[in-house]
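In: coordinates for the following, if possible.
(one chain, ligands or ions: 1)
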Amino acid sequence: MKLDYDRIKRELSIERVLQEYGMLQDLKRSGPKLSGSCPVHKGDNPSAFNVSLDKNLWNCFTNCGGGSVIDLIMVLERVNSRVAVQLGYDFLGIELTNEQSSIYSLKPLPFNLTLDPDNEYLRQRYIDPNTAREFGIGYCKNGIMSGRIAIPIHDMAGNLAAYCGRAINNTQPKYRFPRGFPKSKVVYNLNRVIDSGYDEVAVVEGFFDVFTLHKAGIESVALMGSSLSQDQKKQLLSLEQRLVLMFDGDQAGRRGMEKAISALQGKQPLKVIYLPENVQPEHLGISYLKELLPNRGNAEMSI
Ligand SMILES: [Zn+2]
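Out: Modelled structure (predicted):
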């Protein structure tokens, strides 16, 4: 049983959530509407925030956005939709099953590296500064990954959990992870695709595959290797989207893909793309990728 987003939208009223947060008493009620200054950004415009009680929708005219009760919990708690729905279950007093509560949480990292997104190595791999900024990657001059391209890795809830450092010359290892980092328990980029609104998510091996696909408008996650672990499998199965397996076109990739197919088949909508010999998703051109994965879905708002 997956998380039921619609049930939360149906059964959990915005009024109830505002009450839980102690924000209800400051709002004016007139008929089926609440209005007042916005409890999210805490501005002083007395009519910025509006709630339609019968539609169970809210809206802030300033810049907090609006939408369903899930969107409200997202902005109040600064969490992604998955965590917001889990909190919604909490408010309703409904217990979560194991699958519903799965949210792999690493220890949040207590610092941030300062990184330069405008880097020659990245340009050589066709990663422009804007794409680098979107993923928070860049050249690390000082710090734990100095002399490398540092790639921030987040847990499923979006907390920064670690940096991986990609060598930019022939330094070994090619990818440096923090000592003891549980790579097999993490699916890279999962926290972002949860709210992408796309109905397909590609599953690839490496970070740079994810960056390249993103430039083609395709959201993807990376296993940071060619084999799908049990933990990674559980996390993929918790997604709502169809999975598109696209591993590297080499022996390890093919073997990994066969295993992943048998692990996921029948449990999740699945599509498989076999790449030619020695080709990785990263090598494919943007227009070719767009043709390969036309079903990017309509990132529609929940309002
Ligand atoms: Zn606001």
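In: in the protein, which spans are strands?
Out: 28-30, 33-36, 49-52, 57-60, 65-67, 115-116, 138-140, 148-154, 160-167, 175-176, 200-204, 220-222, 242-245, 270-272 (DSSP state E).
In: in its sheet, what does the last one sit against?
Out: Pointing back at strand 270-272 there. strand 242-245 (parallel) (DSSP bridges).
In: could you do the third one as well?
Out: For strand 49-52, the paired strands and their directions (DSSP bridges) are strand 33-36 (antiparallel), strand 57-60 (antiparallel).
In: close to the ion: what parts of this protein are there?
Out: The chain has residues 38, 40-41, 60, 62, 64 near the ion, with proximity defined as C-beta under 5 Å from the ion. Using the backbone N, CA and C atoms, a C-beta is placed for each residue, glycine as well.
In: at 8 Å what do you get?
Out: 38-43, 48-49, 60-64 (C-beta under 8 Å from the ion).
In: buried members of the residues you listed into ChimeraX, please.
Out: The ChimeraX selection below is limited to those of these classed as buried (16 or more other C-beta atoms under 10 Å):
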select :38,39,40,43,48,49,60,64
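In: among the residues of the chain next to the ion, which are in helices?
Out: For the residues of the chain next to the ion, not one is inside helices, with DSSP state H as the criterion.
In: in a markdown table: the residues of the chain next to the ion, plus distance to residue 193 and pLDDT.
Out: Shown next, in a markdown table, are those (distance: C-beta to C-beta, whole Å; pLDDT from 0 to 100):
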| residue | distance to residue 193 | pLDDT |
| --- | --- | --- |
| 38 | 29 | 93 |
| 39 | 29 | 89 |
| 40 | 25 | 88 |
| 41 | 27 | 89 |
| 42 | 31 | 85 |
| 43 | 32 | 84 |
| 48 | 31 | 95 |
| 49 | 30 | 96 |
| 60 | 26 | 95 |
| 61 | 30 | 92 |
| 62 | 28 | 88 |
| 63 | 24 | 84 |
| 64 | 23 | 90 |
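In: sorry, back to before: in TSV: the strands of the chain, plus distance to residue 101.
Out: Listed next are the strands of the chain as TSV, based on distance: least, C-beta to C-beta, whole Å:
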stretch	distance to residue 101
strand 28-30	35
strand 33-36	31
strand 49-52	29
strand 57-60	26
strand 65-67	24
strand 115-116	33
strand 138-140	34
strand 148-154	19
strand 160-167	19
strand 175-176	31
strand 200-204	21
strand 220-222	20
strand 242-245	21
strand 270-272	24
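In: quickly list the domain ranges of this protein.
Out: Listed by automatic domain parsing, the domain ranges of the chain are 5-101, 115-120+134-181, 190-292.
In: give me the low-pLDDT residue ranges for this protein?
Out: 102-106, 294-303 (pLDDT under 70).
In: so where do the helices sit in it?
Out: In the chain, the helices defined using DSSP H lie at 5-11, 14-20, 69-77, 81-92, 98-101, 120-124, 129-135, 190-193, 207-215, 230-237, 251-264, 286-292.
In: got a markdown table for those helices, with mean neighbour count too?
Out: Output for the helices of the chain, formatted as a markdown table (neighbours: other C-beta atoms under 10 Å):
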| stretch | mean neighbour count |
| --- | --- |
| helix 5-11 | 16 |
| helix 14-20 | 18 |
| helix 69-77 | 21 |
| helix 81-92 | 20 |
| helix 98-101 | 12 |
| helix 120-124 | 13 |
| helix 129-135 | 15 |
| helix 190-193 | 22 |
| helix 207-215 | 22 |
| helix 230-237 | 18 |
| helix 251-264 | 16 |
| helix 286-292 | 13 |
